[in-house]
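no sequence on this one, just coordinates:
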Ligand SMILES: Nc1ncnc2c1ncn2[C@@H]1O[C@H](COP(=O)(O)OP(=O)(O)O)[C@@H](O)[C@H]1O
Ligand SMILES: [Mg+2]
């Protein structure tokens, strides 16, 4: 999707892909193969580009730092990524900057010797947190999680100890958080240039089931004052993290107030709706920001926009075989990512824009279902697992 935006602007992109099956390879004019964690691969990429950017965070920050130290432009930079990829650093940095976050504690560090003692120490920290905030709690791996992987709501100590063992086995940093009673999950996208110029998109509602985003509604159905506050907080987060590029800021509405859950320092699933639903898409503004070009208008193109993710159907069938059904739905903008179909895998999304909130939502779900699996019903649970 970034390549599509780059093509329109005449920007040449060199893609670093792990293998020929990566979806960007089919669209890229120039491809290099290699690991995003390899210093050599990144040095080769940087030598061919004016700016290095990325669409996922499975990176080695030391390698990026070394590139930057050699005078290469890396956007967003390692300072931003350090916060985005490490949930403990994120919570600590935001709390220090006065940004509201859920109550949390770091229950286990990776520097401690592994084994039963470490599990017991983690468990003691989790239990002490439970004494203060009450059960259930949410445990999280400090790094590497996405789509709900690495997030475990736990009802009590028996479940928590299993997670502590997992964290010990995987040498993971373990975070413990209060289980927030969420009335709405919001996401706010923000784009920022190096000089500080920022644009922010309207706050959207995201609905997760099993920790995976199923549906995004723009604008989010919340009080306008709360939406404004979310947009303001996202800009504070972008400034605090010295963002250059696009960032998605995920927030919880709880008891009528906002807390920041997490950020992604890249174009994000919660912003796919912007391709048709906003004057400027997140992908285009990401390119503009990292190339230090003027940022584009973030206004909605219609009063309501709904975006529903498409997941691989249980029978493993390819959604491309069902395209006609989805395109028969009025106003459905279908995006398939060219990934190998597997049951439950996120393979694409559908966006519908229009005047009526109920209608755009119903159409987006109908088209996503026609493609195979929309991963649940329109009444998706807001609680993970
Ligand atoms: N402290 C919490 N209280 C209640 N629900 C939570 C909490 N943290 C996460 N969740 C739920 O789990 C989902 C995934 O958690 P998140 O931290 O965003 O991880 P990921 O990196 O997998 O997106 C969230 O969107 C939310 O629905
Ligand atoms: Mg998340």
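Ah, there it is. Computed from a prediction, not measured in an experiment: that's the story for all the values here. Ligands and ions are numbered 1, 2, ... in the order given.

can you pull out the strands in the stretch 251-385 of the chain?
257-264, 304-311, 333-336, 346-354 (DSSP state E, counting those that start in this stretch).

need the winner for burial among those strands.
strand 304-311 (a mean of 27; mean count of other CB atoms under 10 Å). C-beta here means a position set from N, CA and C on the backbone, and glycine is covered the same way.

could you say what helices and strands that strand packs with?
strand 212-218, helix 274-277, strand 346-354, helix 357-370 (3 or more CB pairs under 8 Å, 6 or more residues apart in numbering; DSSP states H and E).

need these in a markdown table (columns: distance to ligand 1 and mean pLDDT).
Formatted as a markdown table, those follow (distance: least, CB to the nearest ligand atom, whole Å; pLDDT from 0 to 100):
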| stretch | distance to ligand 1 | mean pLDDT |
| --- | --- | --- |
| strand 212-218 | 7 | 96 |
| helix 274-277 | 19 | 98 |
| strand 346-354 | 12 | 97 |
| helix 357-370 | 19 | 97 |
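
which secondary structure element of this protein has the lowest mean pLDDT?
strand 104-108 (a mean of 90; mean pLDDT, DSSP states H and E).

quick check: can you name the pairing partners of that one and their directions?
Next to strand 104-108 in the sheet, as set by DSSP bridges, lie strand 174-178 (antiparallel).

now the strand it pairs with and strand 257-264, what's the angle there?
160 degrees (axes from the mean of the first three to the mean of the last three CA atoms, to 10 degrees).

check whether strand 174-178 contacts ligand 1.
Yes: residues of strand 174-178 contacting ligand 1 under CB under 6 Å from any ligand atom: residue 177.

list the buried ones in that strand?
174-178 (16 or more other CB atoms under 10 Å).

any chance of the helices and strands packed on strand 304-311 in a markdown table, with distance to residue 99 too?
Below are the helices and strands packed on strand 304-311 laid out as a markdown table (distance: least, CB to CB, whole Å):
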| stretch | distance to residue 99 |
| --- | --- |
| strand 212-218 | 22 |
| helix 274-277 | 24 |
| strand 346-354 | 29 |
| helix 357-370 | 30 |
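
how far does stretch 337-348 sit from its chain's centre?
Stretch 337-348 has its average C-alpha position 17 Å from the chain's average C-alpha position, going by CA atoms, centre = their mean, to the nearest Å.

can you redo the buried residues of strand 174-178 as a markdown table with pLDDT?
Conversion of the buried residues of strand 174-178 to a markdown table gives the following (pLDDT from 0 to 100):
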| residue | pLDDT |
| --- | --- |
| 174 | 93 |
| 175 | 95 |
| 176 | 96 |
| 177 | 97 |
| 178 | 97 |
